[in-house]
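K.L.:
What shape does this take:
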Amino acid sequence: MKMVTAYVRYEAFEPIRQQLLDSGLPSLSVTEVKGSGRQKGVTEQYRGAKVTNYLRPKLKIECAVEDGDVQTVLDAILQNATTGNVGDGKIFVSPIEQVIRIRTGEIGEVTLQAHSA
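P.N.:
I've put the predicted structure just below:
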């Protein structure tokens, strides 16, 4: 099992979410975050003074998947988040040692399966 963590622009989220849903991967977590990187700061005028904001808003998407689904998640993110400009974001893939569904006590990859309707 792997945890795919991606930091992307806001406008990239909905197409990523839809593509993952269409691929049968509906489970993900999203957090609003701020960060800095090569994108550097943006200088704006605020009440007559120049203000530089070094922390740019992004969305953090986390998706725990079976090893065989990692490439599907990576493809969805890369296809929808790539603009070719500085600030597109980053993707991290990390191993998951164990997963437990709290409600049922199920352990392992079975916890990653979508519920049947």
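K.L.:
Who does the closest residue to Thr31 other than its chain neighbours form a beta bridge with?
P.N.:
Once flanking residues are discounted, Thr31 sits nearest to Lys60: 4.4 Å by Cβ to Cβ, 6 or more residues apart in numbering. To be clear about C-beta, it is placed using only N, CA and C from the backbone, and glycine gets the same treatment. Under DSSP bridges, the beta-bridge partners of Lys60 are Tyr7, Thr31.
K.L.:
what about Lys60, how many neighbours?
P.N.:
15 (other Cβ atoms under 10 Å).
K.L.:
From Gly48, how far off is it?
P.N.:
Relative to Gly48, Lys60 is positioned 34 Å away (Cβ to Cβ, to the nearest Å).
K.L.:
re the thing from before, test my guess that the residue nearest to Thr31 contacts Phe13.
P.N.:
No. Lys60 is not in contact with Phe13 according to Cβ atoms under 8 Å; the separation is 10.3 Å.
K.L.:
Between those two, which contacts overlap?
P.N.:
Val30 (Cβ atoms under 8 Å, 6 or more residues apart in numbering).
K.L.:
Give the next helix or strand downstream of the helix or strand hosting Leu78.
P.N.:
For Leu78, the host element (DSSP states H and E) is helix 70-81. Reading on from helix 70-81 to the C-terminus, the next helix or strand found by DSSP H and E is strand 89-95.
K.L.:
If we go by neighbour counts, what in that following strand is buried?
P.N.:
Buried positions in strand 89-95, judged by neighbour count with 16 or more other Cβ atoms under 10 Å: 89, 91.
K.L.:
what is the mean pLDDT for it?
P.N.:
Throughout strand 89-95, pLDDT has a mean value of 97.
K.L.:
and what of stretch 64-78?
P.N.:
Across stretch 64-78, the average pLDDT comes to 96.
K.L.:
contacting residues around it?
P.N.:
Applying Cβ under 8 Å, 6+ apart, the contact partners of stretch 64-78 are 1-4, 6, 8, 12, 16, 19-20, 23, 25, 27, 61, 63, 91, 93, 96, 99, 109, 112.
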